[in-house]
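Chemist: predicted coordinates and the sequence they were generated for:
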Amino acid sequence: MCVVKKERTNVYLPKEVKKKAMDLADRSGMSLSVFITQLLIKEAAREQGFTKESPAIFAKGPSRAKIKS
């Protein structure tokens, strides 16, 4: 498991970009900072060759994953 330490970072975005990002974050049920952090982690994973994404990342509420037995 990877532990991510949150550091204080000031990111300045154009007003249109920030508004669009806030809309996307709201639709996914996340705060803007969590949404941006998730995007950064995904990009870092892609750069390292981990390209398979779990649909559980986008699920709201209880897990909908099916377990094979």
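Modeler: Good, I have the coordinates.

Chemist: okay, now the unreliable bits of the chain?
Modeler: Applying pLDDT under 70 to the chain flags the ranges 1-9, 51-69.

Chemist: where along it do the helices fall?
Modeler: 15-28, 32-47 (DSSP state H).

Chemist: may I see these arranged in a markdown table, with mean neighbour count as well?
Modeler: Where C-beta positions appear, they are placed from N, C-alpha and C, glycine not excepted. Shown next, in a markdown table, are the helices of the chain (neighbours: other Cβ atoms under 10 Å):
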| stretch | mean neighbour count |
| --- | --- |
| helix 15-28 | 12 |
| helix 32-47 | 13 |
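
Chemist: identify the residue nearest Val34 in space, chain neighbours excluded?
Modeler: Distances taken as Cβ to Cβ, 6 or more residues apart in numbering place Ala25 nearest to Val34, at 7.4 Å, with adjacent residues excluded.

Chemist: so who does that neighbour touch?
Modeler: When contacts are counted by Cβ atoms under 8 Å, 6 or more residues apart in numbering, Ala25 touches 31-32, 34-35.

Chemist: nearest to Lys19, of those residues?
Modeler: Ranked by distance to Lys19 (Cβ to Cβ), the contacts of Ala25 are led by Leu32 at 10.4 Å.

Chemist: would you mind measuring from the closest residue to that closest one other than its chain neighbours to Leu13?
Modeler: Closest residue to Leu32 apart from its sequence neighbours, by Cβ to Cβ, 6+ apart: Ala25 at 4.8 Å. Separation of Ala25 from Leu13 (Cβ to Cβ, to the nearest Å): 12 Å.

Chemist: now do Ser28
Modeler: Ser28 is 17 Å from Leu13, by Cβ to Cβ.

Chemist: and for Glu43?
Modeler: Going from Glu43 to Leu13 by Cβ to Cβ gives 16 Å.

Chemist: what do you get for Leu40?
Modeler: 14 Å.

Chemist: for Lys18, which non-adjacent residue is closest in space?
Modeler: Leu32 (7.8 Å).
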